[in-house]
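Student: Sequence isn't available, so here's the structure alone:
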């Protein structure tokens, strides 16, 4: 059974750094794309970017290029989303997703990680 | 890269059919047959209902169907049921090798 298990709730202050995780199981971690999706409170879904763990090919959506870093550690089957300096506007639910059909569609979703940034 | 355009809300009575549109450009929806649709209930993670315009993943009811014409994709829910009340989002792969979501549609079952 494919599972994506994400790290738990994070509460941070503006200016702090953060790295959240997504551990994949039940499939070949290096062979399928993983993506990250943001959902701000009461708002819609936004693609942040995707990564192919097999060769670390990473593609960012224009709005998130330079704002976050997506990475993966194949030895522990885990993908990451990180910020170097958080802002209040980063407060959101973040989902990791996995695509069984290449980089074109994403059918498996993690449970989400709620990030709250507040002074 | 702008979000794809969806109606903010659509409603219907039980048993009726409703259609949600998703309008993009020839750089996303119109470029490929790589449109997906997701259903999201409050407080839950989204669930893929349609991929590659018209394909249903295993386990998704055949009451859900998808189509595309030019730069507009559509999701039709037939035989509307109370459990279909949720938010729906389209998503498209783009010519920049990224993805873009639609603005989202709230479906209400009257």
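Tutor: Perfect, I can see it now. Owing to the predicted nature of the structure, the values given are computational and were not obtained by experimental measurement.
Student: What's the local residue count around residue 1?
Tutor: Went with chain A since none was named. Residues contacting residue A:1 under the criterion other CB atoms under 10 Å in any protein chain shown number 6. From N, CA and C alone the C-beta is placed, and that goes for glycine too.
Student: The chain in question should be chain B.
Tutor: Count around residue B:1 with other CB under 10 Å applied: 14.
Student: so is it in a helix, a strand, or just coil?
Tutor: When classified by DSSP: H, G, I helix; E, B strand; the rest coil, residue B:1 comes out as coil.
Student: now it, nearest residue through space, not along the chain?
Tutor: Leaving aside its sequence neighbours, residue B:1 sits nearest to residue A:62 (CB to CB, 6 or more residues apart in numbering or on different chains; 5.1 Å).
Student: residue contacts, the most centrally placed residue in chain A?
Tutor: In chain A, the centroid-proximal residue (CA atoms, centre = their mean) is residue A:36; its distance is 3.5 Å. Contacts for residue A:36 (CB atoms under 8 Å, 6 or more residues apart in numbering or on different chains) come out as A:22, A:47-50, A:68, A:70, A:79, A:81, A:94-97.
Student: which one among those residues gets closest to chain B?
Tutor: Comparing the contacts of residue A:36 against chain B with CB to the nearest CB picks out residue A:47 as the nearest, at 4.3 Å.
Student: what number of residues lie near that closest one?
Tutor: By other CB under 10 Å, 26 other residues sit near residue A:47.
Student: Now do the contacts for it.
Tutor: Counted by CB under 8 Å, 6+ apart, residue A:47 has contacts A:35-37, A:61, B:91, B:98-101.
Student: for those residues, which one is nearest residue B:83?
Tutor: Nearest to residue B:83 among those is residue B:91, at 21.8 Å by CB to CB.
Student: helices and strands around the helix or strand hosting that closest one, which ones?
Tutor: Taking DSSP states H and E as the definition, one finds residue B:91 inside strand B:86-93. Contact analysis of strand B:86-93 by 3 or more CB pairs under 8 Å, 6 or more residues apart in numbering or on different chains; DSSP states H and E lists strand A:45-52, strand B:18-23, strand B:35-40, strand B:72-77, strand B:99-101, strand B:105-109 as its packing neighbours.
Student: which residues are in contact with it?
Tutor: A:44-45, A:47, A:103-106, B:4, B:6, B:20, B:22, B:24, B:28-29, B:31-32, B:34-42, B:46, B:49, B:73, B:75, B:99-102, B:104-107.
Student: Check what pLDDT residue 60 gets.
Tutor: You didn't pick a chain, so chain A it is. pLDDT, residue A:60: 95.
Student: if you could check chain B rather than the one you did, that'd help
Tutor: Note for residue B:60: predicted pLDDT of 97.
Student: So the closest residue in space to it that isn't next to it in sequence versus residue A:69, what's the distance?
Tutor: Among residues not flanking residue B:60 along the chain, residue B:49 sits closest, at 5.4 Å (CB to CB, 6+ apart). To residue A:69, residue B:49 is 31 Å away according to CB to CB, to the nearest Å.
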